[in-house]
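In: output the structure for:
(2 chains)
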Amino acid sequence: MATTLEQPTTSLPGAASEAGETAARERVARILAPTAIALLVLIAWEALVRLQEIPHYILPAPSLVARELVDSWPILWPSLLITVQIATLALLAAVVGGVGLALLCSISKWIELSLFPYAVVLQVTPVVSIAPLILIYVDEPLTAVVLCAWIVAFFPILSNTMLGLASADHNLRDLFELYGAKRWQQLLLLRLPTALPYFLGGLRIAGGLSLIGAVVAEYVAGTAGTGTGLAFRVLEAQYRLNIPRMFAGLFLLAMTGVAIYLLFSALSWLLLHRWHESALGRER
Amino acid sequence: MSLALARAPITATDRARGRAADGPLVRLEAVGKTFANGTVALEGLDLAIGRHEFVSLLGPSGCGKSTALRLIAGLARPTRGRIRFEERLERGDVGFVFQEPTLMPWATVHENVRLPLRLQRIARRTAEAPVREALAMVGLAEFADAYPRELSGGMKMRVSIARALVTRPALLLMDEPFAALDEITRLKLNDDLLALWRAQSWTVVFVTHSVYESVYLSTRIVVMAARPGRIVADIPIDAPWPRDENFRTSDLYNTLCREVSAALRRAMAS
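Out: Numbers count the residues shown, from 1 in each chain, chains lettered A, B, ... in the order given. Model prediction:
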C-alpha cells in the first residue's frame, strides 16, 4: 500500500475497518460476479438444449459436456500435459531468445539494425502459413510444433524487453556515469531492473500466445504432428462428430490459458508489488 | 579506492583561512558549449570557484546554468575553453543532486544511498557506516528499509542528498534541487542544507531560478543571461552566519534580494 510515511495516521477508528470491509467486499465481488454470469449462461444453455430438444451432435448440453470431461479424462489429461509441455518449451525458448536478442540489441546498435526487421517479419507472417513448411523441413514432430509456438511467443518478449532496456532514467544514467560505472554495472544495476516490468508484461502476453501457438501448430500438423496433444484430440473429436468431447477439450484449453495468465500475474505481483506503479493499490 | 573517509572536519576559521590561502577548487576558462543542433548554450564563461564557497548560479531558463553544472560534473564536454581542477579529483569527490530525486524505485532507501559506493566496488560491510551516517545527516535514519514510493517528495529529495554525500564529496553540485517542492518543505531543506554545509568541508555550486533562495543560501551569486549563456554579474553575499528566520525577515536580506533582482532584470533585458 502506498502510504506517505510522513503523515501521521490519524484516521477515525471506524474508517480503517470500513475501508477494509470495502476491499474485502470488492474481492468477493471479483469472484462472485463472473461466477454468477457463468451459472446464468450455463442454466440458459441447458434449458435451451432440453426445451428445444437440440441433438447433442449439434449442441451438447453443459451437463453432457461435463460428463464427457469426466469420462474421457484418461484421454484428455495426458493430451493436455503434452500441449502444456509444448507451450512451456516454446515459452522458455522465447524468454531465452527474446531476452538474449534484446540484450544483444542494447549492446550494439548494429545488431539491432540488422536483426530487428527480421524479428518483425517473423512476427507479422501468420504462423498458420509457416507451420506447414516447418513441418516439412523439421523431421522431429515435437521440435517442429515447439518451433511454431516459439515464433508466436518470442516477439512480445523481445520488443517489450528492448523497450524496457532503453527506458532507463536519463538522470540515473548520468549518475552512473558520474560515479564511473562500468558497462556491466549499468546493465545489472540500472537497465535490467528498469526492464523488469516491461519484460513481465511481455511474458504475460507471450504465455497466452505460446499456448495459442502450440494449438495452431498441432492443428496444422494434424496426424503428421505428435498426434497426441489436446488440440489434436479436439480435431479428432470433430472427425468423429463427438461434439461433447470437442467442447470438453476447448474448456480445458481455455482453463489452461487462464491458469497461465494467473500464474504470470502472480509472478508479476510478487516481483513488483514493493515498488512498481502497476502493482500498487491506490489509497482513496 | 580513494574514498576520503578520514577527511577532517574543517572549522569556520579554517574555511576562511583556506579560501584566502588556496587557489580556487575549479576554474572555468573561456568555456563555450554548442549543442549538436547548433544552439550556443554557453559562450566565454570565466568562473573560479573557491574552496568552501556556496555559489549560486542564478538566471532565466535557457541561460545555460544547468549546462555549466553538467560541464563541471564532467557529464558533458566543453566545445571551447577548458575546466581545470586545482587537484585531481577522484570518483566520488563530486556529488550531484538533480532536480528530481532520481532514485531507483526498485531499491530501498539504504540501497539507493549505497549506490555510489557500490559502483566503486566498495564492500557492503565497509559501506554500512557511511550509508548510515549519510542517512542520519539528512534525518532519515529510520527509513533505511523504506522504498522511494513510500516517501513524500521532500523525503525523497533528502535521500537524493544523502546519496550525494555518502562519498564525502569535495564538491557538491545541485541542479535546482528544491524547485519541485512546496514552500514549507523547501525552506526546511534550505536550512538543513546550510547547517550541513557549515558543518562539513565541501564546496557547493547551486543552480536556481529563485532570487530569494539564492540570497538566503549563498556566499556568492553568479547571475547569468541567455542567448548565448554567459555571466553578467558576480555578487558576493556577505551576510553574517548563522542564517535563519531572522535573516530571512531582515532589512539586509531585503536589500540583497533587491540588488540581485535588479541584476537578474538587467540580465533578462540584455
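In: quick one: buried residues of the longest helix along chain A?
Out: Ranked by residue count under DSSP state H, the longest helix found in chain A is helix A:13-52. Across helix A:13-52, burial judged by 16 or more other CB atoms under 10 Å in any protein chain shown covers A:45, A:49. C-betas here are computed from N, CA, C, even on glycine.
In: now do that helix: which elements does it pack against?
Out: Applying 3 or more CB pairs under 8 Å, 6 or more residues apart in numbering or on different chains; DSSP states H and E, we find helix A:13-52 packed against helix A:62-71.
In: report the buried residues of the helix it packs on.
Out: Neighbour-count burial for helix A:62-71, counted by 16+ other CB under 10 Å, picks out A:62, A:64-66, A:68-69.
In: now residue B:40: phi and psi?
Out: Per-residue torsions, residue B:40: phi -90, psi 100 (degrees, to the nearest 10).
In: check the one 3 residues further on too.
Out: Here the main-chain torsion angles of residue B:43 (degrees, to the nearest 10) amount to phi -140, psi 130.
In: likewise for residue B:74?
Out: phi 80, psi 10.
In: that one and chain A, how far apart?
Out: From residue B:74 across to chain A, the span is 7 Å (CB to the nearest CB, to the nearest Å).
In: got the contact list for that residue?
Out: Residue B:74 makes contact with A:178, B:94, according to CB atoms under 8 Å, 6 or more residues apart in numbering or on different chains.
In: buried ones in whichever strand or helix holds residue A:93, by neighbour count?
Out: For residue A:93, the element it lies in under DSSP states H and E is helix A:73-107. Within helix A:73-107, the residues scored as buried using 16+ other CB under 10 Å are A:75-76, A:79-80, A:82-84, A:86-91, A:93-95, A:97-99, A:101-103, A:105-106.
In: helices along chain B, start to end?
Out: Secondary structure of chain B (DSSP H): helices at B:12-21, B:65-73, B:109-119, B:124-137, B:153-165, B:183-199, B:211-217, B:245-248, B:251-269.
In: could you dump those helices into TSV and include distance to residue A:270?
Out: Below are these laid out as TSV (distance: least, CB to CB, whole Å):
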stretch	distance to residue A:270
helix B:12-21	52
helix B:65-73	38
helix B:109-119	19
helix B:124-137	25
helix B:153-165	25
helix B:183-199	34
helix B:211-217	44
helix B:245-248	49
helix B:251-269	53
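In: looking at those, which is closest to residue A:277?
Out: helix B:153-165 (15.0 Å; CB to CB).
In: counting by contacts, list what that closest one packs against.
Out: The elements that helix B:153-165 packs onto, with contact taken as 3+ CB pairs under 8 Å, 6+ apart, are strand B:94-97, helix B:109-119, helix B:124-137, helix B:183-199.
In: does chain A have contacts with the shortest one?
Out: Yes - Strand B:94-97 is in contact with chain A by CB under 8 Å from any CB of the partner chain, via B:94, B:96.
In: which residue is the nearest non-sequential neighbour of residue 196?
Out: Defaulting to chain A. Spatial nearest neighbour of residue A:196, excluding adjacent residues (CB to CB, 6 or more residues apart in numbering or on different chains): residue A:271 at 6.5 Å.
In: switch to chain B, that's the one I care about
Out: Of all residues not flanking residue B:196 in the chain, residue B:137 sits nearest, at 6.2 Å (CB to CB, 6+ apart).
In: now for that neighbour: which residues touch it?
Out: Contacts of residue B:137 by CB under 8 Å, 6+ apart are B:162, B:165, B:196.
In: just the buried residues of those residues.
Out: Among these, those classed as buried by 16+ other CB under 10 Å are B:162, B:165, B:196.
In: tell me the confidence at the last one?
Out: In this case it means residue B:196. pLDDT, residue B:196: 85.
In: same check on the one 3 residues further on?
Out: According to the model's per-residue confidence, residue B:199 sits at a pLDDT of 83.
In: ok, it to residue B:93 distance?
Out: Distance from residue B:199 to residue B:93, counting by CB to CB, to the nearest Å: 19 Å.
In: if you count surrounding residues, which of these two has more?
Out: For residue B:199 versus residue B:93, neighbours defined as other CB atoms under 10 Å in any protein chain shown are more numerous around residue B:93 (18 against 12).
In: out of everything not next to it in sequence, what's closest to that one?
Out: Nearest in space to residue B:93, with sequence neighbours left out and distances taken as CB to CB, 6+ apart, is residue B:170 at 4.8 Å.
In: from residue B:207, how far off is residue B:78?
Out: 17 Å.
In: interface residues of chain B facing chain A?
Out: Near chain A, the residues belonging to chain B are B:70, B:73-75, B:91-92, B:94, B:96, B:98, B:100, B:102, B:104-107, B:115-116, B:118-120, B:143, B:146-152, B:154-155, B:167 when assessed by CB under 8 Å from any CB.
In: ok, of these, which come out buried?
Out: Buried members of these, counted by 16+ other CB under 10 Å: B:70, B:73-75, B:91-92, B:94, B:96, B:98, B:100, B:102, B:104-107, B:115-116, B:118-120, B:143, B:146-151, B:154-155, B:167.
In: OK, contacts around the residue nearest to residue B:175 when sequence neighbours are not counted?
Out: Setting aside the residues directly before and after it, residue B:175 is nearest to residue B:207 in space (CB to CB, 6+ apart), at 4.9 Å. Going by CB under 8 Å, 6+ apart, residue B:207 touches B:56-57, B:65-66, B:68-69, B:174-176.
In: which of those lies closest to chain A?
Out: Ranked by distance to chain A (CB to the nearest CB), the contacts of residue B:207 are led by residue B:175 at 9.1 Å.
In: surely that closest one meets residue B:95?
Out: No - between residue B:175 and residue B:95 there is no contact under CB atoms under 8 Å: 11.6 Å.
In: give me every residue that touches the closest residue to residue B:94 other than its chain neighbours.
Out: Spatial nearest neighbour of residue B:94, chain neighbours left out: residue B:171 (4.9 Å); criterion: CB to CB, 6+ apart. When contacts are counted by CB under 8 Å, 6+ apart, residue B:171 touches B:25-26, B:72, B:89, B:93-95, B:202-205.
In: rerun that using 7 Å as the cut-off
Out: With contact set as CB atoms under 7 Å, 6 or more residues apart in numbering or on different chains, residue B:171 has these partners: B:25-26, B:93-94, B:202-203.
In: what's the answer for residue A:179, then?
Out: Contacts for residue A:179 (CB under 7 Å, 6+ apart) come out as B:91-92, B:116, B:119-120.
In: check the gap between it and residue A:141 for me.
Out: 54 Å.
In: then residue B:262?
Out: Applying CB to CB to residue B:262 and residue A:141 gives a distance of 85 Å.
In: one more: residue A:272?
Out: Look at residue A:272 and residue A:141: by CB to CB, they are 38 Å apart.
In: then residue B:41?
Out: Counting by CB to CB, the gap from residue B:41 to residue A:141 is 64 Å.
In: which of those two has more neighbours?
Out: Using other CB under 10 Å as the criterion, residue B:41 and residue A:141 rank with residue B:41 on top: 24 against 18.
In: correct me if wrong: the more buried one contacts residue B:66.
Out: No - using CB atoms under 7 Å, residue B:41 is not in contact with residue B:66, being 9.1 Å away.
In: okay, and the common contacts of the two?
Out: In contact with both residue B:41 and residue B:66: no residue, using CB under 7 Å, 6+ apart.
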